[in-house]
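[1] here is my input, please return the structure:
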Amino acid sequence: MRTMSTTTISGPVARRIALAAQGFADARPGGAVTRRHLQRVLSRIQLLQLDSVNVAVRAHYMPLFSRLGAYEPTLVDDAAWSHSARKPRMLVESWAHEASLLPVADWPLLRSGAKRMGWWTNYARVLDQTPQLVDDILTVIKEQGPIGAGGIERALEGKSGGSRPGSWWERSEVKKACEWLFGMGQLTTGTRRSFERLYDLTERVVPPEILSRTVSPEEGARELITRAAVALGIGTEPDLRDYYRLGPDVSKRAVAELVEEGVLEPVTVDGWPAPAYRHVAAKAPRSVTGRALLSPFDPLIWERARTERIFDFFYRIEIYVPEPKRIYGYYVFPFLLDGELVGRVDLKCDRAAGVLRVQGAFAEPGVDVARVAGELAGELRLMAEWQGLDGVAVGERGDLAPVLSRLVR
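    Below you'll find the predicted structure:
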């Protein structure tokens with residue numbers, strides 16, 4: 001058994017470790033962003049979370065913009081939802097942190113049993129109530145896939161002579177069965193159409209040499225905790241566990257084994273209430289410079305307690321908060337500047353008007369408002385241009401709004 005003294009790390013050093021691990025110590029490309037740059041970012045953050053909210057930018061596109069600057073979103077689309085001999089499929093959809101895009105090679109790890117089961121298991125009752133439905137759905141997908149839930153419903157109506165819901169299946173049951181099959185790994189996304197998931201059989205998406213790999217829950221947990229540690233750089237056991245939503249028992253065993261193997265180093269971080277672990281390859285640069293707008297679903301900040309611990313930045317998404325009770329706005333992006341979270345903006349891409357709307361702009365206490373506003377204005381203009389918008393329009397809410405409004409005119 002390994003015996004070692006525990007290193008103590010200051011809060012600022014832990015923050016720089018976390019930022020470097022997430023790719024924020026890397027310079028943005030000077031030229032066109034390529035598949036190689038996408039691979040570089042994914043080697044750091046490991047996955048891209050998907051989300052249906054489309055107020056500003058889809059969740060899976062934004063982390064790349066935050067780290068690389070403007071790029072063609074088709075770069076992600078092609079990597080995730082197309083395949084050719086020249087450009088093999090690079091990413092696959094599965095439940096990871098949430099619904100996510102992750103490297104195809106990681107598929108067996110997510111099927112290992114290390115992950116805790118998700119909400120889709122509630123749909124298992126569909127199997128009891130309509131046992132034939134799953135087989136019929138798989139038959140339709142085999143014959144017609146990739147296909148959406150609506151297409152499957154229409155195909156089943158045709159097979160049943162045009163029967164409407166209320167006979168032997170219900171429309172809502174088809175979607176539930178598809179989601180259960182997706183959660184269990186029998187289906188994945190073949191492609192997407194206007195963000196609608198088109199289901200396909202997993203064996204037609206994941207290469208056979210990967211699909212056939214069998215991984216034990218223990219091995220899967222070790223591999224996923226290692227990937228989480230690479231992505232986070234430093235974190236508590238719950239931080240590491242949360243990255244792929246693992247079960248607590250397998251996570252704790254995996255962390256202990258990785259410490260024994262020398263992959264993780266136990267550390268104490270000043271001000272953190274729990275023991276932490278640093279990946280042995282994690283770097284602590286002397287400084288982290290640059291700026292970035294962060295999606296609510298960016299892996300740097302998606303675990304809100306860790307965000308507060310590292311940045312002293314209290315952040316909650318307010319989508320489900322009634323408008324009168326919102327503090328900052330509906331879809332708020334934290335603003336990262338030189339290694340600190342210095343402000344936040346409530347953003348909306350108003351494509352009809354051709355502008356990026358800043359519906360609220362707020363500075364953190366103690367920051368240089370003029371400097372923050374100047375850097376933020378530059379990043380907002382870049383984001384508007386990336387989204388094909390003509391400019392930035394700033395509303396009246398927030399202490400940053402007046403100076404920001406003048407800067408973006």
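
[2] next up, phi/psi of the most centrally placed residue in the chain, please.
    Among the residues of the chain, the one closest to the centroid is residue 49, at 2.2 Å (CA atoms, centre = their mean). With angles defined as degrees, to the nearest 10, residue 49 sits at phi -80, psi 140.

[3] for it, which residues are in contact?
    Counting by CB atoms under 8 Å, 6 or more residues apart in numbering, residue 49 touches 59, 60, 96, 97, 98, 99, 100, 297, 299, 302. From N, CA and C alone the C-beta is placed, and that goes for glycine too.

[4] in TSV, list those along with secondary structure and neighbour count.
    As requested, the contacts of residue 49 are exported to TSV (DSSP: H, G, I helix; E, B strand; the rest coil; neighbours: other CB atoms under 10 Å):
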residue	secondary structure	neighbour count
59	coil	22
60	coil	24
96	coil	23
97	coil	20
98	coil	14
99	strand	19
100	strand	24
297	coil	21
299	coil	24
302	coil	20
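
[5] wait, which of these is closest to residue 264?
    residue 299 (18.5 Å; CB to CB).

[6] I'd say that closest one and residue 231 touch.
    Yes. Judged on CB atoms under 8 Å, residue 299 makes contact with residue 231 at a distance of 6.2 Å.

[7] need the overlap of contacts for these two.
    Common neighbours of residue 299 and residue 231, counting by CB under 8 Å, 6+ apart, are 22, 45, 46, 243.

[8] the third one and residue 244: what is the separation?
    The one in question is residue 46. According to CB to CB, to the nearest Å, residue 46 stands 9 Å off from residue 244.

[9] how about the first one?
    Distance check for residue 22 against residue 244: by CB to CB, it reads 16 Å.

[10] higher neighbour count, these two?
    The neighbour comparison of residue 22 against residue 244 (other CB atoms under 10 Å) goes to residue 244, with 28 against 25.

[11] quick check, pLDDT for the more buried one.
    Residue 244 is assigned a pLDDT of 96 by the prediction.

[12] now the helices for the stretch 201-350 of the chain?
    208-211, 217-232, 237-244, 248-261, 304-311 (DSSP state H, counting those that start in this stretch).

[13] which outside residues touch the second one?
    Looking back up the chat, that one is helix 217-232. 18, 21-22, 44-46, 106, 108-115, 215, 235, 239-241, 243-244, 246, 250-251, 253-255, 257-258, 263-264, 277-279, 281-282, 299.

[14] may I see the buried residues of that helix?
    Within helix 217-232, the residues that count as buried by 16 or more other CB atoms under 10 Å are 217, 220-232.

[15] again, but for the last one
    By neighbour count, with 16+ other CB under 10 Å as the criterion, the buried positions of helix 304-311 are 306, 307, 309, 310, 311.

[16] show me what contacts the second one?
    Spelled out, that is residue 307. Here residue 307 is in contact with 300, 301, 313, 315, 341 (CB under 8 Å, 6+ apart).

[17] what does the third one give?
    For residue 309, the contacting residues are 271, 272, taking CB under 8 Å, 6+ apart as the criterion.

[18] and the gap between it and residue 107?
    Residue 309 is 32 Å from residue 107, by CB to CB.

[19] pull the number of nearby residues for residue 379.
    Neighbours of residue 379 (other CB under 10 Å): 21.

[20] ok so, going back, and the helices of the stretch 201-350 of the chain as CSV, adding distance to residue 198?
    Output for these, formatted as CSV (distance: least, CB to CB, whole Å):
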stretch, distance to residue 198
helix 208-211, 19
helix 217-232, 27
helix 237-244, 25
helix 248-261, 33
helix 304-311, 33
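
[21] out of those helices, the one nearest residue 354 is which?
    helix 304-311 (32.8 Å).

[22] quick one, the closest one and helix 217-232 angle?
    40 degrees (axes from the mean of the first three to the mean of the last three CA atoms, to 10 degrees).

[23] quick check: mean pLDDT of helix 304-311?
    On average, helix 304-311 scores 98.

[24] can you state the direction angle for it and helix 237-244?
    Going by the same axes, to 10 degrees, helix 304-311 makes 120 degrees with helix 237-244.

[25] with just CA atoms, put helix 304-311 into PDB.
    What follows is helix 304-311, C-alpha atoms only, in PDB (Å, rounded to 0.1, in the frame of the first residue of the first chain):
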ATOM      1  CA  ARG A 304     -22.300  24.500  -9.300                       C
ATOM      2  CA  ALA A 305     -20.900  23.700  -5.800                       C
ATOM      3  CA  ARG A 306     -17.400  23.100  -7.400                       C
ATOM      4  CA  THR A 307     -17.800  26.400  -9.300                       C
ATOM      5  CA  GLU A 308     -18.400  28.300  -6.100                       C
ATOM      6  CA  ARG A 309     -15.600  26.500  -4.300                       C
ATOM      7  CA  ILE A 310     -13.000  27.300  -7.100                       C
ATOM      8  CA  PHE A 311     -14.200  30.700  -8.200                       C
END
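
[26] what about it, distance to the chain center?
    With CA atoms, centre = their mean, to the nearest Å as the basis, helix 304-311 stands 17 Å off its chain's centre.

[27] and stretch 79-89, by the same measure?
    21 Å.

[28] longest strand anywhere in this protein?
    Taking DSSP state E as the criterion, the chain has its longest strand at strand 340-350.

[29] which outside residues touch the helix or strand just after that strand?
    Using DSSP states H and E, the helix or strand that follows strand 340-350 towards the C-terminus is strand 355-363. Under the criterion CB under 8 Å, 6+ apart, residues 56, 328-330, 332, 342-350, 369, 372-373, 376, 380, 383-384, 387, 389-395, 397-401, 404, 408 lie in contact with strand 355-363.
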